[in-house]
Structures are given as C-alpha cells and as structure tokens.
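In: Pasting the sequence and the predicted coordinates here, then a few questions.
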Amino acid sequence: MPKIHLCFLWHMHQPFYKDLASGEYRLPWTRMHALKDYYGMVKILEEFPSVRQTFNLVPSMMVQVEEYARGEANDPLLHLALKPAEDLTDDDKSRILRNFFFANPDRMIRRFPRYWELHNAWKAQDQKGIARGVFGPQEFRDLQVLSQVAWFDEEFLDKDLEVIALVNKERGYSLADQALMGRKQREICAAVIPQYRKLAATGQIEISTTPFYHPILPLLCDTDIASVAHPSVPLPPRFRYPEDARLQLTRAYSYIQETFGVAPTGLWPSEGSVSDEALTLAADSGFQWAATDNGVLARTLSQNAGTDLTYRTYRWQKNARSLGMIFRDHLLSDLIGFVYSGMNPQEAAGDFLRRIKENCAPILARGEDAMVPVILDGENAWEYYERGGRPFFRALYGGIEADPQMEAVTVSEAHARLTPAPLDHIAPGSWINANFDIWLGAEEDNKSWRFLLAAREAYAAHADKVSETQRNQAMEEILISEGSDWNWWYGPEHSTDHAVEFDQIYREHLANVYRALNLPPPAELSKPIIRIQEEATQQEPLGSISPKVNGTVDSYFEWLGAGVFRVDARQGSMHGKRTLVKEVHYGADAKAVAVRIDFAETPEALNGLEVRVTVNGQDTQIRLDHGRATTPSTTAKAAFADMLEITVPSATDINELSLTFWQDGLPIEAIPRHGTLRVSTTGF
C-alpha cells in the first residue's frame, strides 16, 4: 500500500548575541528559548516513539546554549533577574520594566495571575517611568521571578516539583526563590544538548545544520546573484567571498560532528537560500541533502509547484556534484506557524492531517508514495499556542501514529525510500518570495552590505600585519557580521522592539573587526543604520458618528471623529503572516457601534471571509461573498463595496469592541491582537 512519508524539519535558531570584546550578551533570547522550546520540542517525542523528525540546529545558537549551561554567560538581564530587589537602582528598575514583560500577554503572562496583575499595573502607569513609584521591592521581586518562570518549558512546569512549588506560591517570592529560579535556568539549559544526543542515538531524530553564523550563502558567494532572482532590485557594491561561505559550512559540519558524535548529512541553508554555487560548496563540504521552499522549485521548473511536484524527493546534479533536495510545502508550514495557534488544539491537528490526506490522495491513487515536507521555525510560534503548543503536538503526533497510511520520517529516511527526480540546476532564491529582497535592495540593507564589504576589505589588506590571535578574532567578527539576522531587521519588512539593539550589535561587531586589526573603526559605524519606522497606531474616537451603511464613504464628514486603528504590516521574527486589513475606523452614537474595515486585499481574495464583530461580549457574524456582505443578525447591518461597513445596536455609554477574521474555518487575524478597542459615547 502506498504511504505518506511526513517530514518535519524544525529549524532552531537565534542570532549571536554575545559581544566578543566585552563577553556580554546583548539580548537574552537564546536563553529564553532554551528555557522554553529547545528541550521540550525534542522531549515530547519520547511519548510518540514511532514519530521521527529532523531538527536543524544552528551552531552559533548552540554554542550560546552551551555557555549558559556552564553558567559562564555574562547576561545582564539574567543578572537583573537575580539581583536582590532591595538593591535595584532606578536604572535597574527602568530596565526591568522595559524588558521583563516581553512575553505573549494572553498565552504566557495571563497564565500567572500575579504576573498578569503586575503587567496591568505597568501598562496603566508606564508613562515617564511612573510605574517605578508603584512597584516596591516585593513587586519587583515577584516580577523578577515570574518573568523568567513564564518562559520555562511545559516539561518543567508540569513535572519538576521545585518549579511546581515555585509556581504554586504565586506571589511574595523571596531571595531563596530567586536563587532557585536561577539554578533551574541553568539546569534547563544544561539538559538541551543531552536530549538531542539521546534521541539522535536512537535514530528517532536526525540532526541537520545551517552555516555556522546563519549567513545567506548565495549572497556571500556573490551579491549580484540577487538580480537573477529579482532583475530590478537595487544592488549594493559587489560582495564576493565564496571562501567565507565555505568556511561557514565546514565549521558548522565540524561543530555538529564534534558536539553530537555524528556528522550531519543534511543542510537547511539559512532562510532556505540557495544557488548553484552555494549547493556546490555544500556538496564539497560533505553534506548529502539540502532543503528549501517550493517557491524556489517553481522558479527552477518554470511552473507552479503543486503537491505533485512538491511531495517528492529530488537530486540536484551539476559539475560532478550531487545533493538530495526537498522543497517545503509553504502553505502547510505557515498554517502551523501562524494560524493554528488561534484554534482548538484538537481541531487544528485534525485540520492539518485532513489537508495532508486530501493533498496526497491523487498521488496515492496512482500507487505512488508521497513525501510531505513541513519546514518551519522551531521556537517562535509556540509563544502563541496554548501551553507552548504541547496540546497541539500531542493531538498531531497521536493522529500520525494512529494512521496506518502515514509515517513521520527523517529527511534522510525519505531520501532512502523514494526515487528522486533529477534537477540540473537550482533557481537562486530563498524561502521568502524565491528572492533575496529581505536582505538586500532597501537603502538600509545596502548600507549594511557596504559596511560589511569595507570591513572585509580591511581584513584582506591588514590581516598579515597583526598577530594570529588578532587575525582570528577579526575573522570571527566578520563571520558573525555575515549572519542574516542583522539585515532581517533593516528595510521595511520586519519590526521588533529591539531594532535599535540589533542595529547597535551589528555595528559593534563590525567595529571589532577594525579594533582587532589595530585600525580605528570608521566614524560612520557610530551612527545608526536603521531608521525607526512608525508602528501600528491607534487614535481614540473624538466624537459621535452615525454613518450610512452602504460599503462606501459618501462624504468626508461621515467618519469624521471616528477612532482609527492602523495595522502595522511589518512582521517580526517569523515571516509569512497574511496582511489582511489596512485599518479599522470605529465609533458610536447613542444607538449603535459603527465599524469600517479597509482591507489590504482585493474583493476576490476575500470571498468566504467571515468577520466576527464582538461588542460587549456579544458576537455578530458577517460573511463576504462575491462583493456582498451577509449577516444572520436581524439587528446588525453590514455592507461591502469599497470597504466593509457595519453597525451593531448598543445603548450603553461605554462599549468594548474586537474583531476576528476567519476563512475556510481558519483564524486569519484579530484586531486588536490583545484586549479590546474602547468606544465611549460620553464626553462628546
């Protein structure tokens, strides 16, 4: 009987946050994700012994985990979490309030009542640092403990007796509790690598890797390759150092072999970025397979890469080199990354498995096996899931084990079982739009490449004039600076609360190249590359409104005085979330709440969209089909033409409003993402 071979590849990655000159970790995210995901994502597989998977471990992330495990990482924010609350300075308190609420409010903060209470107090009084005045030593100590415990993996929250006791205490934490929290962090970090070794030794997981500091290999080989993927993209001065790309590959290969006792056969090139030159280097470095996105496959084959083409293995061959290849199912991977977190875990898992069966049905009907490649970020998505995604995983993995026609296998196992189709070339591109526009082309991106090129040329000109130690340090800083993460935040596509820090870290790495070479860093490295962009904005209603519900604006004055919520279309650590709405206008009069939704997509793309308007806890459902809005409600009104206009009867003075958007039974967007929009008719 033909089978479905389901290939999960979880990509585990964080940027290199350590400043080699000072030894200080500038941001804490490697530690936080080590507490939350790196261990538990592998540990849960012990409950499902027949489910085999591939974990892609980036060496620059793992060396940081190792340092935390040894207790040697100089992490200022960890030091702040462990500092006696009575000894905190005003600067300490400001840093704590700024950094210790960076967690998903609904899934992580609200779960701990005291943490939620402190969060709300901070949100209510965070202007000009006023919150420092209402946070005494006990409030700060409770925040120091709970902000860290909220990131602990479910395995420890559910099973570790010391952690359970710490959580059950809820508030009133002591210095001893702080010390326990710190000790547990080190224990969790120390458990990460042994857990991977354990399951790799049994064959339940395969460990693949990425070039050491996560660079975009094709761009290291030649930045001009970007114009092949996107002919009109503005190019920076040409950067061409394939020897650096080779070094990033060989060092990653050696690191995995030395750390886990087995050489990696597989490679997820950073961001799925490939070119013929990059794959040639990968084959020369000892790798036997690589993976990227089916958008790249479509470009390579010059046709749409549907399931028939995506659900099989390939063999790339060029100039006497050869690599096995698989191509990520973009839709299925993004459903896990962005959509299923908003659903009931069992329903989400069922939807995922149903889609796989439907996609594979024509292939199986021909008597052929299917290989389904699901490849995505293995850490960031779970902040948005119930209990870190564990209920979803248990439902999903249980469903796979119960289906005799489906088997979860490693990528190497898939290559061994299926006959590959030949490829004589690969189209250059990444998993995002099959091009390199995220990392090159925008003014900030190209400026970053210009700075990197200048540092690399300085190394070439001066490396032989300094000691071997200095030469090695300068090259290490160059390799770090070649990582993709810095340019991820440059340009218009992505946003983060730590954009300024990322920019500063990048420029410091470049400055350290010059210092190691006994050269003065260029003055321009002292100035920010990044231009802080306007985030999503919200303007409160200024007056009563009574618009005519016809799906179009009849006059300038119709929505004058309405509140406006503008959606930030930029994305965060994970790329691929659908941008559905541009902005929402909202307000009320004495009889009804009015909502106007301006969409970012065409009416055709909105067919079947369900908009759920919640006013004071009561839902109204509106469905869009072929340019029309329908609602089962007899009292609410809705019309769709240039935009969607809605009124929902309400006679209260203060109304709480929220919107959710669903399509094909899947949640697409929520506005606002947390809390509600307040609509008041008083004071006008």
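Out: Here it is on my side, so go on. Numbering: from 1, shown residues only.
In: Run through who's touching the helix or strand containing M62.
Out: Element membership for M62 (DSSP states H and E) is helix 59-69. Applying CB atoms under 8 Å, 6 or more residues apart in numbering, the external contacts of helix 59-69 come out as 12-18, 25, 30-31, 34, 38, 73, 75, 185-186, 189-190, 192-193, 209-210, 212-214, 251-252, 255-256, 259, 480, 483. Placement of C-beta: from N, CA and C, glycine included.
In: ranges for the strands of the stretch 51-200 of the chain?
Out: Listed in chain order, the strands found in the stretch 51-200 of the chain under DSSP state E, counting those that start in this stretch are 53-57.
In: quick one on the thing from earlier: same question for the helix holding M62: list its buried residues.
Out: For helix 59-69, the neighbour count (16 or more other CB atoms under 10 Å) marks P59, S60, M61, M62, Q64, V65, E66, E67, Y68, A69 as buried.
In: can you tell me which of the contacts of helix 59-69 are in helices?
Out: Secondary-structure check on the contacts of helix 59-69 using DSSP state H: residues within helices are 30-31, 185-186, 189-190, 192-193, 251-252, 255-256, 259, 480.
In: And the furthest pair within those?
Out: Largest separation among the ones in helices among the contacts of helix 59-69 by CB to CB: Q185 and R251, giving 28.0 Å.
In: Neighbour count: the two, which is higher?
Out: More crowded of Q185 and R251, by other CB atoms under 10 Å: Q185, with 25 against 17.
In: Could you report the separation of the closest residue to that one other than its chain neighbours from V145?
Out: Nearest non-adjacent residue to Q185, counting by CB to CB, 6 or more residues apart in numbering: L35, 6.1 Å away. Distance from L35 to V145, counting by CB to CB, to the nearest Å: 13 Å.
In: Domain-wise, how is this structure divided?
Out: Described in terms of automatic domain parsing, the domain architecture of the chain consists of the residue ranges 1-86+207-441, 444-526, 538-680.
In: what's the most buried one of these?
Out: The highest average neighbour count among the domains of the chain, using mean count of other CB atoms under 10 Å, belongs to domain 1-86+207-441 at a mean of 20.
In: From the chain's centroid, how far away is that domain?
Out: Computed by CA atoms, centre = their mean, to the nearest Å, the chain-centroid distance of domain 1-86+207-441 equals 12 Å.
In: how long is that domain from one end to the other?
Out: From its first residue to its last, domain 1-86+207-441 covers 50 Å (CA to CA, to the nearest Å).
In: Just the helices from the stretch 301-450 of the chain, written as ranges.
Out: In chain order, the stretch 301-450 of the chain shows helices spanning 307-310, 330-334, 345-365, 390-402, 411-417, 443-462, with DSSP state H, counting those that start in this stretch as the criterion.
In: so which of those gets nearest L247?
Out: Once CB to CB is applied to these, the stretch that comes out nearest is helix 443-462, at 12.5 Å.
In: What's the separation between the most far-flung residue of the chain relative to its centre and D554?
Out: For the chain, the C-alpha lying farthest from the average C-alpha position belongs to A590; by CA atoms, centre = their mean, that distance is 43.2 Å. Relative to D554, A590 is positioned 21 Å away (criterion: CB to CB).
In: Kindly reformat the helices of the stretch 301-450 of the chain as TSV containing distance to L279.
Out: Conversion of the helices of the stretch 301-450 of the chain to TSV gives the following (distance: least, CB to CB, whole Å):
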stretch	distance to L279
helix 307-310	19
helix 330-334	20
helix 345-365	26
helix 390-402	31
helix 411-417	15
helix 443-462	22
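In: Figure out which of those is closest to G543.
Out: Taking CB to CB as the criterion, G543 comes closest to helix 443-462 out of the helices of the stretch 301-450 of the chain, the separation being 39.7 Å.
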